[in-house]
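Q: Sharing a sequence plus its predicted fold:
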Amino acid sequence: MSSLAARRRHPAALVIVLLFGLIVTGGLYAALAPKNADAATSSSSDIAAGKQLFLSNCATCHGVNATGGNEAPDLVGVGAAAVDFQVGTGRMPLAAPGIQAEADTNGPQFDNKQISQLAAYVASLGPGPGIPASDLTSGGGDIAKGGELFRVNCAMCHNFAGSGGALTRGKFAPSLMDVSGKHMYEAMETGPQSMPVFNNTNMSPTDKKDIISFLQNTKDEPNQGGANLGNLGPVPEGLFVWTIGIGLLIGAAVWLGRKAA
Amino acid sequence: MTTLNEDTSGRSADALRADDTTEAPTGNGGAIGGVANWVDERTGAAKGVRFLMKKVFPDHWSFMLGEIAMYSLIIVLITGTFLTFWFVPSMSESVYNGPYVPLRGITMSDAFKSTVDISLDVRGGLLIRQIHHWSALIFIVAIMLHMFRVFFTGAFRKPREINWIIGLVLSMLVLVEGFIGYSLPDDVLSGTGVRAAQGFMLSIPIVGSYIAYFLFGGGFPGTAIIPRFFTIHVLLLPAIIVGLFTAHIILVMVHKHTQYPGPGKTDKNVVGFPLMPVYTAKAGGFFFVVFGVTALIAGLVTIDPIWMYGPYEPTMITAGSQPDWFMGFADGALRLLPGFLEFTLLGHTWSFNVMLGAILLIPILWTLMGVYPFVESWVTGDKREHHVLDRPRNVPTRTGLGMAAIAFYAVLFGAAGNDIIAIKLHLSIDDITNTLRIMLVAAPVIVFWVTKRVCLSLQRKDRDLVLHGKETGRIVRTAEGRFFEAHEPLDEYERWRLVSFEAHRPIAAPAETDENGVRSKTASADRTRARLSQFFFNDRIEPVTPLELAAAHHDGQADEALAPLEAAALEDAHPGEFGGHLHGGAEEIEEHNAYAHQQGSDDDA
């Protein structure tokens, strides 16, 4: 009988085994658990500058401590990703109250430096998703898998080709064709407005990368069948056949009908 | 112009045939004649061919709408045959390893995989697939427009009621055929459609689930539905459609084609050109125009990009899921029907919110269209044959009813695109849906009233034109200083078109009881008929009678002195064009108008 087996009835054995199990599980979790992609460290001067920007541009609705108000949500813990998405696409500061904040067609109101300062300030309020590393947002993933994930998780609102779709009461899922990879990633992580959150637990960073690669490919791939009519499904096809399609044929019929025999 | 007469004795058209050679042609007709003779001696085909070649058809562009449908049917049959060479109607699954990277490594059904192969791998496959699909859409558009033409011109009247019904059955079958074709590729969009169709079946009370299990061979999706749909799509329905279409065309031959009203056109003749050589050239050429336009569209514009939709799995759906346009009205009905129509009673769920739109709508609409010719002939009591068409304005109530039906359909059709309207116009989908719910009831009523009024006004304009001629805009001043506008009378050919219709008058219900006080058995039917007759014909404009015309001319020439002046004015307007005798049509500007400023100033002073 070995020495280990001889001590297996020792009163401490249970405690030791339990401890061992916890250490292994915890250690494995720490080694394997999905991590926030935030690698950027921000200096305290960025945070201070971000706070000034926040107080002069955002605090009216979100409160001086960014804890939210009647009209605006609490920003503690939303992370740098949420700020980079909302401000970087021009959704914030909100141009006008409406059913949903829309991306500003004129672009964001702040430059990249100011956005990163704002993000640094909001990130300093509490831990949250950070700005994704560029290797996750610039394509190069598995397009086919990304397509499958997109059809299962995203197409019901954003349409099969990311052309966008309607939600209730005037809300809508916007077109994804002109959205940058970084902003798509941040939207998945933070779930802005009506969008659900696809955090790293229910969709791994690689999956997100695949989806972004699929959408970038959809935008870039040639239109195999000719003009795509906006990739909106059968409605524009019906409109086309009722206007140009039958119009051409009726034109030909009128011409033939006038043609004397 | 050739006239096909049923009664050839003493017709003026006979003069046109005076030069026709009547003796038998000499010679054997060369090589073609030899072959034709060989065939005729063995089949007796010459008789039938001669009958067909001499068949006369009137010319009008609206008669070609049915032709567009016929040619599209041929195009669909040709391209569909091509597609069956590669399409694999199977739901067995395998992994795609073809050239299209965004699908590589994905598990998919063979139906979907073979459609992707046709689209992206088979040479010319995508073009043929797109011709097939575009042509199917054009086919049904043309059927619908052809139906509108037939309805609004009254071409469904005796003796064509049966053909109207055959046409309706055809139009319903092509909807089903089109829907099944859309379902075959097993992509995300069509899978959603099949799922919806299964839901429609389930909404039928009591037997719904049995029907769905029977058709799908079990639960959704199973593995049976695509092969079954394929058989229905390429075998069963095309056979029925081609058969009914043949009957449709044969009846056109039997009835002879209808014609628009005009000089020399009666219910006893057909004025137009013979099939050979005029229509063989025209119609044959038009086939290639239709094929060419369809191919052009198919070459330039994507339809149903299934490789982008991706293979269907029951977990997937895309925003903007719609059927092809022809099923849009039923989809729209589903979107408009309020949710409270689904309720639980006696331990069962009754989904009338689905069933009314998806199962009952089409049979109800088609039944209404099918009975209309019989209702109209019952109301008018008109049992005569009609081969001369109505101008839509001359039957205001029918035209109004038709337009109301189109408005009803259009609202449902628009509702099917409510989500696309919402994102493109930045509107709330809820507001659009509620607005369309109101419009579904209001629009047909408004459209009926407006259309009827427009028809009556157009008829009044026609009457005015017949009685007073065209306004020339030339003001004539008489020697005494009076002014009038010269009116140019219509020539009698043009006038005939405007006066040669009948206006039915409303009938009164016969007495309900006879002289003995016994109530008539048909009393309530008679009352309904009288009421409908009032509805149809109470507002009507009668055609100008010869008497009225003569009276109008007489008025116009009341002042004989004006006639030469008017003639001179008209001759100025049309130098060298106006040879004949001029009469009538001068409408004076009344004195109190013409001289108002002078007389008025005297009075005021």
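A: Yes, it's here.
Q: Quick check on the closest residue to chain B within chain A: phi, psi?
A: The minimum distance from chain A to chain B, using CB to the nearest CB, falls at A:Gly165 (2.4 Å). For the C-beta atoms, the positions are set from N, CA and C on the backbone; glycine is no exception. The phi and psi torsions at A:Gly165 (degrees, to the nearest 10) take the values phi -160, psi 170.
Q: tell me which residues form a beta bridge with it?
A: A:Ala173 (DSSP bridges).
Q: Next, work out how far apart it and B:Leu412 are.
A: Applying CB to CB, to the nearest Å, the value for A:Gly165 to B:Leu412 is 21 Å.
Q: do the same with A:Phe240
A: Applying CB to CB to A:Phe240 and B:Leu412 gives a distance of 20 Å.
Q: Pick out whichever of those two has more residues nearby.
A: Of the pair A:Phe240 and B:Leu412, B:Leu412 is the one with more neighbours under other CB atoms under 10 Å in any protein chain shown, namely 23 against 20.
Q: which residues touch that one?
A: With contacts taken as CB atoms under 8 Å, 6 or more residues apart in numbering or on different chains, B:Leu412 has the following neighbours: B:Gly328, B:Phe329, B:Ala330, B:Gly332, B:Ala333, B:Leu336, B:Leu440.
Q: is it true that the last one touches B:Ala410?
A: Pointing back at B:Leu440 there. No. B:Leu440 sits out of contact with B:Ala410 when judged by CB atoms under 8 Å, with a separation of 9.9 Å.
Q: What strand or helix carries the nearest residue to B:Ile131 once chain neighbours are set aside?
A: Closest residue in space to B:Ile131, ignoring its immediate chain neighbours: B:Ala298 at 4.2 Å, by CB to CB, 6 or more residues apart in numbering or on different chains. Taking DSSP states H and E as the criterion, B:Ala298 maps to helix B:280-300.
Q: Got the phi and psi for B:Lys55?
A: Per degrees, to the nearest 10, the residue geometry at B:Lys55, taken as phi and psi, is phi -60, psi 130.
Q: all strands of the stretch 51-200 of chain B, in order?
A: Remark: strands assigned in the stretch 51-200 of chain B by DSSP state E, counting those that start in this stretch are B:56-57, B:93-95, B:107-109.
Q: The second one - contacts with which helices or strands?
A: Spelled out, it's strand B:93-95. With contacts defined as 3 or more CB pairs under 8 Å, 6 or more residues apart in numbering or on different chains; DSSP states H and E, the packing partners of strand B:93-95 are strand B:107-109, helix B:110-120.
Q: Please identify which of the ones you listed is closest to B:Phe286.
A: Ranking the helices and strands packed on strand B:93-95 by their distance to B:Phe286 (criterion: CB to CB) puts helix B:110-120 first, at 28.9 Å.
Q: gap between that closest one and the chain center?
A: On the basis of CA atoms, centre = their mean, to the nearest Å, helix B:110-120 sits 36 Å off its chain's mean C-alpha point.
Q: ditto for stretch A:220-231
A: Using CA atoms, centre = their mean, the offset of stretch A:220-231 from its chain centre is 25 Å.
Q: for stretch B:352-368, same thing?
A: Counting by CA atoms, centre = their mean, stretch B:352-368 comes out at 21 Å from the chain centroid.
Q: quick one: terminal-to-terminal distance for that stretch?
A: End-to-end distance of stretch B:352-368: 21 Å, with CA to CA, to the nearest Å as the criterion.
Q: Please point out which parts of it sit buried.
A: Within stretch B:352-368, the residues that qualify as buried are B:Phe352, B:Asn353, B:Val354, B:Met355, B:Leu356, B:Gly357, B:Ala358, B:Ile359, B:Leu361, B:Ile362, B:Leu365, B:Trp366, counting by 16 or more other CB atoms under 10 Å in any protein chain shown.
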